[in-house]
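A.B. asks: Sharing a sequence plus its predicted fold:
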Amino acid sequence: MLPLAQRGIPWEMVNSVYTQPSAPRTIGGVLDDAINLYRECLPRSWPLALAPEVALALTDIHLESSLPAYGRQDPTAILSMLRSSDFLVSMLLYFVMLLIFNLALTDHMHRIATGRPASAGQSLGVGLRLLPRAAAASLVIALATAVGTLLLIVPGIYLAGALMLTFVVMIVGDLGALQSINESYRLIQGHWWRSATIYTVATMIALAFYLILGVLAGLAATQSPGTSALVVGLHRLASVVIGTLMTMWFPAVLLSIYYDLSLRRAGSATRTPGDATTG
(Lines give C-alpha, C1' and ligand atoms only; values in the text may rest on other atoms or scores of the structure.)
Protein backbone atom coordinates (compact mmCIF):
# COMPACT_ATOMS: atom_id res chain seq x y z
CA MET A 1 0.00 0.00 0.00
CA LEU A 2 1.31 3.46 -0.95
CA PRO A 3 2.12 5.94 1.83
CA LEU A 4 -0.56 8.56 2.40
CA ALA A 5 1.63 11.36 1.03
CA GLN A 6 1.99 9.41 -2.24
CA ARG A 7 -1.78 9.01 -2.55
CA GLY A 8 -2.24 12.74 -2.99
CA ILE A 9 -2.98 13.55 0.67
CA PRO A 10 -1.09 16.65 1.86
CA TRP A 11 1.62 15.92 4.40
CA GLU A 12 0.17 18.36 6.94
CA MET A 13 -3.09 16.35 6.89
CA VAL A 14 -1.17 13.11 7.39
CA ASN A 15 0.25 14.46 10.64
CA SER A 16 -2.93 16.31 11.65
CA VAL A 17 -3.86 16.21 15.34
CA TYR A 18 -6.94 18.42 14.95
CA THR A 19 -10.35 17.68 13.48
CA GLN A 20 -12.97 20.41 13.42
CA PRO A 21 -15.98 19.26 15.47
CA SER A 22 -19.22 18.36 13.69
CA ALA A 23 -21.38 18.35 16.82
CA PRO A 24 -21.48 20.36 20.08
CA ARG A 25 -18.84 19.38 22.60
CA THR A 26 -18.66 19.21 26.38
CA ILE A 27 -16.57 21.76 28.25
CA GLY A 28 -13.72 19.27 28.42
CA GLY A 29 -14.20 18.51 24.73
CA VAL A 30 -13.87 22.19 23.79
CA LEU A 31 -10.64 22.42 25.80
CA ASP A 32 -9.36 19.27 24.10
CA ASP A 33 -10.17 20.84 20.74
CA ALA A 34 -8.30 23.98 21.75
CA ILE A 35 -5.23 21.96 22.74
CA ASN A 36 -5.31 19.98 19.50
CA LEU A 37 -5.79 23.13 17.40
CA TYR A 38 -2.91 24.76 19.28
CA ARG A 39 -0.65 21.78 18.56
CA GLU A 40 -1.73 21.79 14.92
CA CYS A 41 -1.00 25.48 14.41
CA LEU A 42 2.15 25.86 16.50
CA PRO A 43 4.64 24.72 13.81
CA ARG A 44 3.07 26.98 11.18
CA SER A 45 1.66 30.02 12.99
CA TRP A 46 4.40 30.80 15.51
CA PRO A 47 6.05 33.65 13.49
CA LEU A 48 2.82 35.67 13.72
CA ALA A 49 2.82 35.20 17.50
CA LEU A 50 6.55 35.89 17.87
CA ALA A 51 6.58 39.30 16.14
CA PRO A 52 4.53 41.25 18.75
CA GLU A 53 6.46 39.63 21.60
CA VAL A 54 9.75 40.78 20.09
CA ALA A 55 8.23 44.23 19.58
CA LEU A 56 7.20 44.32 23.24
CA ALA A 57 10.69 43.32 24.39
CA LEU A 58 12.31 45.98 22.19
CA THR A 59 9.82 48.60 23.43
CA ASP A 60 10.63 47.65 27.01
CA ILE A 61 14.37 47.94 26.36
CA HIS A 62 13.89 51.30 24.65
CA LEU A 63 11.85 52.73 27.51
CA GLU A 64 14.24 51.40 30.16
CA SER A 65 17.17 52.98 28.32
CA SER A 66 15.49 56.38 28.74
CA LEU A 67 15.78 56.04 32.52
CA PRO A 68 19.00 56.92 34.33
CA ALA A 69 20.69 54.00 36.07
CA TYR A 70 19.43 55.12 39.47
CA GLY A 71 15.96 55.84 38.08
CA ARG A 72 14.99 52.21 37.67
CA GLN A 73 14.31 52.08 41.40
CA ASP A 74 13.07 55.67 41.64
CA PRO A 75 9.25 55.91 41.55
CA THR A 76 9.44 59.59 40.56
CA ALA A 77 11.61 58.86 37.52
CA ILE A 78 9.39 55.97 36.49
CA LEU A 79 6.25 58.11 36.83
CA SER A 80 7.88 60.84 34.74
CA MET A 81 8.69 58.30 32.05
CA LEU A 82 5.10 56.99 32.07
CA ARG A 83 3.83 60.52 31.47
CA SER A 84 6.24 61.23 28.61
CA SER A 85 5.18 61.44 24.96
CA ASP A 86 7.80 58.81 24.15
CA PHE A 87 5.98 56.30 26.34
CA LEU A 88 2.57 57.15 24.87
CA VAL A 89 3.78 56.90 21.28
CA SER A 90 5.62 53.63 21.99
CA MET A 91 2.52 52.10 23.60
CA LEU A 92 0.27 53.28 20.75
CA LEU A 93 2.58 51.77 18.12
CA TYR A 94 2.79 48.54 20.10
CA PHE A 95 -1.00 48.37 20.47
CA VAL A 96 -1.49 48.83 16.71
CA MET A 97 1.08 46.13 15.95
CA LEU A 98 -0.42 43.79 18.54
CA LEU A 99 -3.88 44.24 17.07
CA ILE A 100 -2.72 43.59 13.50
CA PHE A 101 -0.75 40.47 14.39
CA ASN A 102 -3.46 39.06 16.69
CA LEU A 103 -6.00 39.45 13.90
CA ALA A 104 -3.57 37.84 11.46
CA LEU A 105 -2.82 35.01 13.89
CA THR A 106 -6.50 34.26 14.46
CA ASP A 107 -7.14 34.30 10.71
CA HIS A 108 -4.17 31.99 10.09
CA MET A 109 -5.30 29.52 12.76
CA HIS A 110 -8.88 29.61 11.48
CA ARG A 111 -7.65 28.77 7.98
CA ILE A 112 -5.68 25.82 9.33
CA ALA A 113 -8.66 24.65 11.40
CA THR A 114 -10.96 24.73 8.38
CA GLY A 115 -8.45 23.02 6.07
CA ARG A 116 -7.83 26.02 3.82
CA PRO A 117 -4.47 27.24 2.48
CA ALA A 118 -2.81 29.43 5.11
CA SER A 119 0.04 31.87 4.55
CA ALA A 120 1.42 34.46 6.96
CA GLY A 121 1.41 37.14 4.26
CA GLN A 122 -2.23 36.58 3.40
CA SER A 123 -3.26 36.65 7.06
CA LEU A 124 -1.26 39.84 7.67
CA GLY A 125 -3.20 41.38 4.82
CA VAL A 126 -6.41 40.45 6.63
CA GLY A 127 -5.07 41.99 9.84
CA LEU A 128 -4.23 45.27 8.10
CA ARG A 129 -7.60 45.40 6.34
CA LEU A 130 -9.53 44.77 9.56
CA LEU A 131 -7.42 47.13 11.69
CA PRO A 132 -9.78 50.16 11.57
CA ARG A 133 -12.88 48.18 12.51
CA ALA A 134 -10.96 46.17 15.14
CA ALA A 135 -9.69 49.41 16.71
CA ALA A 136 -13.24 50.78 16.77
CA ALA A 137 -14.54 47.56 18.35
CA SER A 138 -11.76 47.67 20.96
CA LEU A 139 -12.76 51.21 21.91
CA VAL A 140 -16.45 50.30 22.22
CA ILE A 141 -15.68 47.19 24.28
CA ALA A 142 -13.28 49.09 26.56
CA LEU A 143 -15.85 51.83 27.18
CA ALA A 144 -18.72 49.38 27.73
CA THR A 145 -16.83 47.16 30.17
CA ALA A 146 -15.37 50.17 31.99
CA VAL A 147 -18.81 51.74 32.47
CA GLY A 148 -20.26 48.38 33.52
CA THR A 149 -17.45 47.85 36.01
CA LEU A 150 -17.78 51.32 37.49
CA LEU A 151 -21.53 50.88 37.93
CA LEU A 152 -21.77 47.54 39.72
CA ILE A 153 -18.68 45.55 38.64
CA VAL A 154 -20.85 42.57 37.65
CA PRO A 155 -22.13 44.16 34.40
CA GLY A 156 -18.56 44.83 33.36
CA ILE A 157 -17.56 41.22 33.98
CA TYR A 158 -20.63 40.00 32.10
CA LEU A 159 -19.91 42.22 29.09
CA ALA A 160 -16.26 41.14 29.01
CA GLY A 161 -17.40 37.52 28.73
CA ALA A 162 -20.24 38.20 26.32
CA LEU A 163 -17.98 40.09 23.91
CA MET A 164 -14.97 37.76 24.02
CA LEU A 165 -15.66 36.42 20.51
CA THR A 166 -15.88 39.85 18.84
CA PHE A 167 -12.64 39.58 16.89
CA VAL A 168 -13.18 35.93 16.00
CA VAL A 169 -16.56 36.63 14.39
CA MET A 170 -15.11 39.73 12.74
CA ILE A 171 -12.52 37.55 11.01
CA VAL A 172 -14.74 34.57 10.25
CA GLY A 173 -17.70 36.59 9.00
CA ASP A 174 -15.82 39.68 7.74
CA LEU A 175 -18.17 41.82 9.85
CA GLY A 176 -18.03 45.44 10.92
CA ALA A 177 -17.23 46.59 14.45
CA LEU A 178 -20.77 46.83 15.81
CA GLN A 179 -21.91 43.76 13.87
CA SER A 180 -19.08 41.73 15.40
CA ILE A 181 -19.96 42.92 18.90
CA ASN A 182 -23.62 42.04 18.38
CA GLU A 183 -22.78 38.63 16.92
CA SER A 184 -20.48 37.77 19.82
CA TYR A 185 -23.23 38.74 22.25
CA ARG A 186 -25.78 36.65 20.31
CA LEU A 187 -23.58 33.56 20.24
CA ILE A 188 -22.71 33.65 23.95
CA GLN A 189 -26.19 34.60 25.14
CA GLY A 190 -27.51 31.62 27.09
CA HIS A 191 -24.01 30.07 27.21
CA TRP A 192 -22.19 32.72 29.27
CA TRP A 193 -21.28 30.50 32.21
CA ARG A 194 -20.13 27.71 29.92
CA SER A 195 -17.94 30.04 27.84
CA ALA A 196 -16.60 31.81 30.93
CA THR A 197 -15.70 28.48 32.53
CA ILE A 198 -13.76 27.36 29.46
CA TYR A 199 -11.91 30.67 29.23
CA THR A 200 -11.15 30.70 32.96
CA VAL A 201 -9.61 27.22 32.82
CA ALA A 202 -7.59 28.29 29.76
CA THR A 203 -6.39 31.37 31.65
CA MET A 204 -5.32 29.25 34.62
CA ILE A 205 -3.25 27.09 32.25
CA ALA A 206 -1.59 30.24 30.91
CA LEU A 207 -0.94 31.56 34.41
CA ALA A 208 1.05 28.43 35.19
CA PHE A 209 3.47 29.39 32.41
CA TYR A 210 3.64 33.02 33.50
CA LEU A 211 4.42 31.82 37.03
CA ILE A 212 7.69 30.52 35.59
CA LEU A 213 8.43 34.05 34.38
CA GLY A 214 7.72 35.38 37.86
CA VAL A 215 10.23 32.97 39.36
CA LEU A 216 12.85 33.99 36.79
CA ALA A 217 12.15 37.67 37.48
CA GLY A 218 12.66 37.04 41.18
CA LEU A 219 15.98 35.37 40.47
CA ALA A 220 17.05 38.29 38.32
CA ALA A 221 16.23 40.73 41.12
CA THR A 222 18.31 38.83 43.71
CA GLN A 223 21.45 38.35 41.62
CA SER A 224 24.62 40.31 42.25
CA PRO A 225 25.47 43.13 39.80
CA GLY A 226 28.16 41.03 38.15
CA THR A 227 25.78 38.31 37.05
CA SER A 228 22.43 40.14 36.82
CA ALA A 229 22.91 41.18 33.16
CA LEU A 230 23.00 37.56 32.03
CA VAL A 231 20.03 36.61 34.18
CA VAL A 232 18.01 39.61 32.97
CA GLY A 233 18.84 38.67 29.39
CA LEU A 234 17.68 35.10 29.98
CA HIS A 235 14.52 36.43 31.61
CA ARG A 236 13.77 38.57 28.54
CA LEU A 237 14.34 35.59 26.27
CA ALA A 238 12.07 33.39 28.40
CA SER A 239 9.46 36.16 28.37
CA VAL A 240 9.48 36.25 24.56
CA VAL A 241 9.28 32.46 24.28
CA ILE A 242 6.49 32.01 26.83
CA GLY A 243 4.67 35.07 25.51
CA THR A 244 4.76 33.59 22.00
CA LEU A 245 3.38 30.27 23.21
CA MET A 246 0.58 31.96 25.16
CA THR A 247 -0.24 34.40 22.35
CA MET A 248 -1.15 31.35 20.26
CA TRP A 249 -3.05 29.66 23.08
CA PHE A 250 -5.89 32.15 23.46
CA PRO A 251 -6.91 32.30 19.77
CA ALA A 252 -7.07 28.49 19.82
CA VAL A 253 -9.39 28.65 22.83
CA LEU A 254 -11.61 31.38 21.38
CA LEU A 255 -11.86 29.65 18.00
CA SER A 256 -12.82 26.40 19.73
CA ILE A 257 -15.51 28.19 21.75
CA TYR A 258 -16.76 29.84 18.55
CA TYR A 259 -16.98 26.53 16.64
CA ASP A 260 -18.85 24.91 19.53
CA LEU A 261 -21.34 27.76 19.96
CA SER A 262 -21.92 27.99 16.21
CA LEU A 263 -22.87 24.31 16.17
CA ARG A 264 -25.15 24.82 19.15
CA ARG A 265 -26.88 27.78 17.51
CA ALA A 266 -27.27 25.84 14.27
CA GLY A 267 -28.77 22.93 16.19
CA SER A 268 -31.17 25.23 18.02
CA ALA A 269 -32.28 26.80 14.74
CA THR A 270 -33.16 23.42 13.20
CA ARG A 271 -34.74 21.98 16.34
CA THR A 272 -38.54 21.97 16.45
CA PRO A 273 -40.40 23.02 19.65
CA GLY A 274 -41.23 19.40 20.45
CA ASP A 275 -37.57 18.27 20.29
CA ALA A 276 -35.73 17.49 23.50
CA THR A 277 -33.08 20.05 24.41
CA THR A 278 -29.48 19.04 24.76
CA GLY A 279 -26.77 20.39 27.08
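C.D. replies: Done, it's in.
A.B. asks: Could you pull up phi and psi at Thr26?
C.D. replies: Main-chain torsions, Thr26, degrees, to the nearest 10: phi -70, psi 170.
A.B. asks: That one and Glu40, how far apart?
C.D. replies: 20 Å (CB to CB, to the nearest Å). (C-beta placed from N, C-alpha, C; glycine too.)
A.B. asks: Between those two, which has more neighbouring residues?
C.D. replies: Neighbours were counted for Thr26 and for Glu40 using other CB atoms under 10 Å; Glu40 has more, 20 against 11.
A.B. asks: Tell me if I'm right that the more buried one and Ile112 touch.
C.D. replies: Yes: between Glu40 and Ile112 there is a contact at 6.1 Å, judged by CB atoms under 8 Å.
A.B. asks: who touches both of those two?
C.D. replies: The contact sets of Glu40 and Ile112 overlap at Tyr18 (CB atoms under 8 Å, 6 or more residues apart in numbering).
A.B. asks: Pull out the buried positions in stretch 186-200.
C.D. replies: By neighbour count with 16 or more other CB atoms under 10 Å, stretch 186-200 contains the buried residues 187-188, 191, 194-196, 198-199.
A.B. asks: Mind checking which of the residues you listed are in helices?
C.D. replies: In helices, judged by DSSP state H, the following of the buried residues of stretch 186-200 are found: 187-188, 194-196, 198-199.
A.B. asks: In TSV, list those residues along with distance to Leu152.
C.D. replies: Output for these, formatted as TSV (distance: CB to CB, whole Å):
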residue	distance to Leu152
Leu187	24
Ile188	20
Arg194	23
Ser195	21
Ala196	17
Ile198	25
Tyr199	21
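A.B. asks: I'd like these laid out as TSV, including distance to Pro47 and pLDDT.
C.D. replies: Listed next are those as TSV, based on distance: CB to CB, whole Å; pLDDT from 0 to 100:
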residue	distance to Pro47	pLDDT
Leu187	30	96
Ile188	31	96
Arg194	33	94
Ser195	29	96
Ala196	31	95
Ile198	27	96
Tyr199	25	95
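A.B. asks: Just name the shakiest helix or strand of this structure by mean pLDDT.
C.D. replies: The weakest-scoring helix or strand in the chain, judged by mean pLDDT, DSSP states H and E, is helix 11-14 (a mean of 45).
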